[in-house]
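> please work out how this folds:
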Amino acid sequence: MRAARAPSWPLAAALALAGCAVEPYCLVCGDPDPDGSMPDAGSDTGPRDAPDGGCGRPELCNGEDDDCDGEVDEEPSDVGEVCGTDVGLCEIGREACVDGSVVCAGGAVPPAAEACNGLDDDCDGEIDDGDPGGGIACGDVTGECAAGVTRCTDGLITCVDAVGPTDEVCDGRDNDCDGLIDDGNPGGGEACVPGADACTAGAFRCRSGSLACVLEAMPTREVCDRVDNDCDSRTDEDFDLATDAENCGACGRGCAADAARTRCVAGACVIAGCDPGRVDLDRDVTNGCEYACELRGSEVCNGVDDDCDGMIDDGLTPPDICRTEGECAGTIAGCAGTAGWRCGYPATVSLDADGGIVPEGDCDDRDDDCNGIVDDAFPSVGSPCTRGTGACLTRGATVCAASADATTCDAVDPLPPSTELCNGIDDDCDERLDEGAEDAWTTITGAFGTREIYSYEASRPDATADASGVLGHRACSGPMRMPWANLTHAEAEAACAAAGARLCTEAEWERACQTAASTACRWSYESSCGTYSSSACNGNDFDAEPGTPLDQDAILPTRSFPACRAVWGTSSIFDLSGNVAEWTAERAPGVNPMRGGNSSTPGGGLECGFDFVVAGDTFRFANVGFRCCR
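Numbering: from 1, shown residues only. Next comes the predicted model:
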């Protein structure tokens, strides 16, 4: 309860001018603050009439400024509680202040009027209570039908207690509720009052709600209707149903048919003939001569039914006019009606506007123009092809590309390159042969200083243990290769130069032959190099074919004699004595020395120091080779 009353207007105005609140319950006036301003509402100075000792009261939802701050119903303390119910379709909300009154809001769904829907609309815990939608008249009230009343059952409005229509009976009532009484002669139709013939018979009729026997027939002219019309106790005696074309097999059954001449035979209608240009194709008298056709004779390919059998261009033998090779295999001519005979080539065969075969233009592994040649526009198909170069090269065959307008090579991807070797193969696949390939070298020392010399007699890059090879672009040094022989001194110099070297001087060659351990070696043996051995190296005393009569001398692959070597530390120089004689650097123009002897040289000519043999610039022989130094 508020104790204060509103001051009179003069007093309120004075209070307002003095900085005082003017609510009737907010008399909060006082002396000015030390700085000259008036105390705020709620300050600790000035008189008060609020029961709680503060400025005004706690704000409530009542349309008034309870806390004397100049605002009405802001943040009232009596709202915010949970309200409403969650029974049925209702949802709980929270209290809110609206126009000075506390209402349930904040998401709440209030009860609604109950409807017949299987739900608790009014949130009273019961579904469809009160029979919503019930109690309304329903149903038909015509004739004997009676109305019912609506009821809410299982969430649906149904009509109960109504009386519906029944079958009509002869009782003076509208039983079927169609607005007509005794309609359709219910219960009637049976014969009654039998007499001597059909003319004295009657039938029951429903009259005024009851059945009565009513006479219906009198003598008339006999007609074909299975009735004794003339009352002579005979029925249809004037009509022959077996032959009468108007009453064939039954009264009123006529035999007339479209575009046909008909007859009645044994009680059945038959077609005796057709009008010109018409044919009875289906043998069905009901539609007469139904097929319009001019008989021309035997069937030909022209899109016309010449023999009028209902089929066009049937039973024809196709002429031999089609190609049958390639994609056309199995093709036979077919009749295309007015277009005549046409060859039914598959879709893979290209045709022009007149149906002629277009010359092949695609590369598709097929004989598309049926001339017996596959992909004849691409003659390279099937030919060998390669990918990559050198040792990376792979081989395949030329095949059709995916685009069908070009060819490609089906070889697998090129192999990866490897380190270049002196073997006549482009190992690193750079389209250069044996460039930078490292040979087998042995380091020697002597009065001339330090040098390197081929560890093996020079061979061609493509030499093997069985053949000396044919490539001559540079010299190589490797084991188990046939030496490169039968070349001039200048050719030997060029072969060494191509390998980044030169022909050895006589001093270099002789020092290499003597081994690192001693300069007194007479032959290039791994041991006992001061004593001649007939089998240590390939000289005249070694028989290459012991089973053949006489002595057989032959040039053998390098290092065929493992003991025929000059040892230099961990390396060795093979075949300095024998196998092939070796060119060394010229002594003077036109004077070209050969050292080491060959496979037909006696033991003395195989010595390291033997230097008797020289030749001119044009000399070449099958047992003369060379070795390079650098």
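> okay, now the domains of this structure?
Using automatic domain parsing, the domain parsing of the chain gives 1-83, 433-630.
> phi, psi of the residue nearest to the spatial centre of the chain?
The residue lying closest to the centre of the chain (C-alpha atoms, centre = their mean) is Ala402, at 18.3 Å. Here is the backbone geometry of Ala402 (degrees, to the nearest 10): phi -60, psi -30.
> how far away is it from Glu71?
84 Å (C-beta to C-beta, to the nearest Å). Just so you know, the C-beta spots here come from the backbone N, C-alpha and C atoms, and that holds for glycine as well.
> mind listing what the residue nearest to Asp171 when sequence neighbours are not counted touches?
Nearest non-adjacent residue to Asp171, counting by C-beta to C-beta, 6 or more residues apart in numbering: Gly209, 5.4 Å away. When contacts are counted by C-beta atoms under 8 Å, 6 or more residues apart in numbering, Gly209 touches Cys170, Asp171, Gly172, Arg173, Ile181, Asp182.
> in a markdown table: these, plus pLDDT.
Below are the contacts of Gly209 laid out as a markdown table (pLDDT from 0 to 100):
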| residue | pLDDT |
| --- | --- |
| Cys170 | 93 |
| Asp171 | 89 |
| Gly172 | 89 |
| Arg173 | 92 |
| Ile181 | 92 |
| Asp182 | 85 |
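> only whichever of those residues are buried, select them in PyMOL.
Here is the PyMOL selection string for the buried members of the contacts of Gly209, based on 16 or more other C-beta atoms under 10 Å:
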select buried, resi 170+181+182
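> my guess is Glu493 contacts Arg502. True?
Yes: if you go by C-beta atoms under 8 Å, Glu493 and Arg502 touch, sitting 6.9 Å apart.
> what distance do you get for Val163 to Gly80?
Taking C-beta to C-beta as the measure, Val163 falls 61 Å from Gly80.
> kindly report the same for Phe574.
The value you get for Phe574 to Gly80, if C-beta to C-beta is used, is 111 Å.
> more crowded one of those two?
Comparing Phe574 with Gly80 by neighbour count (other C-beta atoms under 10 Å), the higher total belongs to Phe574, at 26 against 14.
> if we can go back for a sec, Glu493 and Arg502 - which one has more neighbours?
The neighbour comparison of Glu493 against Arg502 (other C-beta under 10 Å) goes to Glu493, with 20 against 15.
> the helix or strand where the more buried one lies - contacts with which helices or strands?
Assigned by DSSP states H and E, Glu493 falls within helix 489-498. Helix 489-498 is packed against strand 502-503, strand 624-626, strand 628-629, with contacts defined by 3 or more C-beta pairs under 8 Å, 6 or more residues apart in numbering; DSSP states H and E.
> which secondary element of this protein has the worst mean pLDDT?
When the helices and strands of the chain are scored by mean pLDDT, DSSP states H and E, helix 9-17 comes last with a mean of 41.
> thought Ala191 was touching Gly202?
Yes: if you go by C-beta under 8 Å, Ala191 and Gly202 touch, sitting 7.0 Å apart.
> which one's more surrounded, those two?
Shown here are Ala191 and Gly202; by other C-beta under 10 Å, Gly202 has more neighbours (17 against 12).
> pairing partners for that one in the sheet, please.
For Gly202, the beta-bridge partners are Cys192, Leu215 (DSSP bridges).
> can you pull the pLDDT of it?
Note for Gly202: predicted pLDDT of 72.
> could you do the one 4 residues further on as well?
At Cys206 the predicted local distance difference test score is 90.
> what do you get for Ser8?
39.
> now Leu27
50.
> again, but for Gly19
44.
> and for the one 4 residues further on?
Looking at Glu23, its pLDDT stands at 52.
> ok, how many other residues are close to Gly372?
10.
> and the one 5 residues further on, by the same measure?
One way to gauge burial is a neighbour count; for Ala377, by other C-beta under 10 Å, it gives 14.
> please apply the same query to Gly355.
Counted with other C-beta under 10 Å, residues neighbouring Gly355 total 11.
> ok, it to Ile321 distance?
Going from Gly355 to Ile321 by C-beta to C-beta gives 11 Å.
> likewise Cys61?
Taken as C-beta to C-beta, the span from Cys61 to Ile321 is 105 Å.
> next one: Cys564
For Cys564, the distance to Ile321 - C-beta to C-beta - is 84 Å.
> more crowded one of those two?
A side-by-side neighbour count of Cys564 and Ile321, using other C-beta under 10 Å, places Cys564 first with 27 against 11.
> surely the more buried one is in contact with Ser534?
No: the criterion here is C-beta under 8 Å, and Cys564 misses it with Ser534 at 11.9 Å.
> and what about Gly125, helix, strand or coil?
Of the three states, Gly125 takes coil under DSSP: H, G, I helix; E, B strand; the rest coil.
> tell me the confidence at it?
At Gly125, pLDDT is 87.
> burial check on the closest residue in space to it that isn't next to it in sequence, number of neighbours?
Leaving out its chain neighbours, the residue that sits closest to Gly125 by C-beta to C-beta, 6+ apart is Val87, at 5.4 Å. Val87 sits with 15 neighbouring residues when counted by other C-beta under 10 Å.
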